[in-house]
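A.B. asks: okay, predicted coordinates and the sequence, questions at the end:
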Amino acid sequence: MYWHLIVTGPQRGHVWQIAGEGAIPFGPQSPDALMPGIPGFTGWATHWAQGRPWFGDA
């Protein structure tokens, strides 16, 4: 599992989690709000810095 910051195209500035099972965006655009949070790199970095869980907790 890896995190990727998208730097070009329509998803520019968003962070995606890429794993063997597939890919999922970080933020409210994730399917069924599986990975809720403020979208974009700043939201992802803030979520990480606060030590919050990645799945199911905004």
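C.D. replies: Sure thing, it's come through.
A.B. asks: what about the helices in the protein?
C.D. replies: Assigned by DSSP state H, the chain shows helices spanning 40-49.
A.B. asks: how about the strands in it?
C.D. replies: Along the chain, counting by DSSP state E, strands occupy 2-5, 15-19, 22-25.
A.B. asks: what's the most buried one of those strands?
C.D. replies: The highest average neighbour count among the strands of the chain, using mean count of other CB atoms under 10 Å, belongs to strand 15-19 at a mean of 16. Every C-beta, even on glycine, is put in place using the N, C-alpha and C of the backbone.
A.B. asks: follow-up on the earlier one: mean pLDDT and distance to residue 49 for the strands of the chain - can I get that in TSV?
C.D. replies: Formatted as TSV, the entries for the strands of the chain read as follows, by pLDDT from 0 to 100; distance: least, CB to CB, whole Å:
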stretch	mean pLDDT	distance to residue 49
strand 2-5	94	14
strand 15-19	93	14
strand 22-25	89	19
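A.B. asks: Throw those strands into CSV and include distance to residue 48, thanks.
C.D. replies: As requested, the strands of the chain are arranged in CSV below (distance: least, CB to CB, whole Å):
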stretch, distance to residue 48
strand 2-5, 9
strand 15-19, 10
strand 22-25, 15
